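Peer 1: heads up, no residue letters with this:
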């Protein structure tokens, strides 16, 4: 048998409608020997039965089952994979370049280091009438390679050696386990943008709400970074309660945060706000970048081709003024005020949504 050059690990749960097109798209990849490992988390829509009937001639197919949970499924799929090179992919991801995987493997191999991982340039497939501004911003931001800009929908392409250094995907996070992995990889190795574009469905954002999903993701990454594990002990229950809902309700997570805070001594409470303020201060560069993205969008420039004039000019000034105890204190106070105002606004908005 031909030696596997790349193992693709894909977690699924009730993705019967996506699977045929996903297989058809991967079958167009040329000049690379693939192993496809599909890890099903207990689908009840016929996904498992459809997979059992597939015998592709373009890849060695392995179909396995485990308990649901994207982190758990990714880890289970990794154990079953045999390739030295691994690609973690979403089932709604597509490539337009038939040499995307071959060129990606060649790009990383030529780097001369197994500590270098790759991600593809992101492109959202969305409904024609959906507002493009937010998606344009996130597509461009995903290509910057800055902390917390690399997510699973960009594909994670890496050598097994680096995976072993980084460790498994976290199975306890209610979401954003991919971003958690990407940031741990950043500490152990290096990310590079691969020479191909990957398109992914915006269905989750369009169903749950783009800003709702991003707001929850920001909360999760903030608490992951500062190590506030009490939040993650309770948050999965809220997330599971909303799995079949259309819009993601963020206010219950704010209520959880407030309740957990009230259970803490005042000193510990403000320590969390302080650490959160420091985290937010470090990510405020996105405000300047948003202006650059909006200017480029108005000019109808392709994603990533505009200049970052505002970001390049104002970020050094901002860091000079705020990277000190007073700046962090101001960020903490602003975060605390923002939390209460946003919680009140969400309560009113989501009450109308539920009604």
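Peer 2: Sure, I can see it. As the structure is a computational prediction, the values presented were derived from the model and not from experiment. Numbering: from 1, shown residues only.
Peer 1: Please enumerate the strands of the protein.
Peer 2: 6-12, 34-40, 59-65, 85-88, 93-95, 116-125, 156-159, 190-201 (DSSP state E).
Peer 1: what angle sits between the first one and strand 34-40?
Peer 2: The directions of strand 6-12 and strand 34-40 differ by 20 degrees, with axes from the mean of the first three to the mean of the last three CA atoms, to 10 degrees as the criterion.
Peer 1: same check, this time on the longest one
Peer 2: Using the same axes, to 10 degrees, one finds that strand 190-201 and strand 34-40 are set 60 degrees apart in direction.
Peer 1: Give me the distance between strand 190-201 and the centre of its chain.
Peer 2: Relative to the centre of its chain, strand 190-201 is centred 13 Å away, using CA atoms, centre = their mean, to the nearest Å.
Peer 1: what's the answer for the second one, then?
Peer 2: Here the centre of strand 34-40 is set off from its chain's centre by 20 Å, with CA atoms, centre = their mean.
Peer 1: which strands and helices sit next to it?
Peer 2: Here strand 34-40 is seen to pack against strand 6-12, helix 47-52, strand 59-65, helix 70-80 when contacts are counted using 3 or more CB pairs under 8 Å, 6 or more residues apart in numbering; DSSP states H and E. In this view, the C-beta of every residue, glycine as well, is placed from N, C-alpha and C.
Peer 1: ok, and what's touching the longest one?
Peer 2: In other words, helix 70-80. 9-13, 37-41, 62, 64, 66, 86, 88, 163, 168-173, 177-178 (CB atoms under 8 Å, 6 or more residues apart in numbering).
Peer 1: Equivalent analysis for stretch 220-239, please.
Peer 2: Stretch 220-239 is contacted from outside by 148, 172-176, 179-180, 183, 219, 252-253, 256-257, 260, 272, 275-276, 279-280, using CB under 8 Å, 6+ apart.
Peer 1: got any ranges where the stretch 201-350 of the chain has weak pLDDT?
Peer 2: 237, 239-245 (pLDDT under 70).
Peer 1: where along it do the helices fall?
Peer 2: In the stretch 201-350 of the chain, the helices defined using DSSP state H, counting those that start in this stretch lie at 203-208, 210-226, 229-241, 251-262, 266-282, 285-298, 309-322, 325-354.
Peer 1: re earlier: make a PyMOL selection of the buried ones in the contacts of helix 70-80.
Peer 2: Listed next is the PyMOL selection for buried residues among these, using 16 or more other CB atoms under 10 Å:
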select buried, resi 9+10+11+12+13+37+38+39+40+41+62+66+86+88+163+168+169+170+173+177+178
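Peer 1: on that earlier part again, now, of the helices and strands packed on strand 34-40, which is deepest in the fold?
Peer 2: strand 6-12 (a mean of 24; mean count of other CB atoms under 10 Å).
Peer 1: Next, the angle strand 59-65 makes with it.
Peer 2: Using the same axes, to 10 degrees: strand 6-12 against strand 59-65 is 30 degrees.
Peer 1: Give me the helices and strands touching strand 6-12, please.
Peer 2: Against strand 6-12 (3+ CB pairs under 8 Å, 6+ apart) you get helix 19-26, strand 34-40, helix 70-80, strand 85-88.
Peer 1: redo that, cut-off 6 Å
Peer 2: strand 34-40, helix 70-80, strand 85-88 (3 or more CB pairs under 6 Å, 6 or more residues apart in numbering; DSSP states H and E).
Peer 1: how about CSV for these, with mean pLDDT added?
Peer 2: Shown next, in CSV, are the helices and strands packed on strand 6-12 (pLDDT from 0 to 100):
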stretch, mean pLDDT
strand 34-40, 97
helix 70-80, 96
strand 85-88, 98
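Peer 1: Reformat the ones you listed into CSV and put distance to residue 207 next to each item.
Peer 2: Output for these, formatted as CSV (distance: least, CB to CB, whole Å):
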stretch, distance to residue 207
strand 34-40, 21
helix 70-80, 17
strand 85-88, 23
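Peer 1: Looking at these, which is nearest to residue 97?
Peer 2: The minimum distance between residue 97 and the helices and strands packed on strand 6-12 falls on strand 85-88, with 14.4 Å, by CB to CB.
Peer 1: quick one: contacts for the residue nearest the centre of the chain?
Peer 2: Closest residue to the average C-alpha location of the chain: residue 151 at 3.0 Å, with CA atoms, centre = their mean. Going by CB atoms under 6 Å, 6 or more residues apart in numbering, residue 151 touches 178-179.
Peer 1: Equivalent analysis for residue 161, please.
Peer 2: By CB under 6 Å, 6+ apart, the neighbours of residue 161 are residue 114.
Peer 1: Also the one 4 residues further on?
Peer 2: The neighbourhood of residue 165, defined by CB under 6 Å, 6+ apart, consists of residue 188.
Peer 1: could you redo the last one with a cut-off of 8 Å?
Peer 2: Per CB under 8 Å, 6+ apart, neighbours of residue 165: 115, 188-189.
Peer 1: Can you verify my assumption that residue 288 contacts residue 310?
Peer 2: Yes - Residue 288 lies in contact with residue 310 (CB atoms under 8 Å); the separation is 4.6 Å.
Peer 1: nearest residue to residue 59 other than its sequence neighbours?
Peer 2: Distances taken as CB to CB, 6 or more residues apart in numbering put residue 34 closest to residue 59, at 3.9 Å, once the chain neighbours are dropped.
Peer 1: for residue 275, that is, sorry about that
Peer 2: residue 226 (4.0 Å).
Peer 1: now swap in residue 99 and tell me
Peer 2: residue 30 (5.9 Å).
Peer 1: And for residue 159, the neighbour number?
Peer 2: For residue 159, the neighbour count with other CB atoms under 10 Å is 20.
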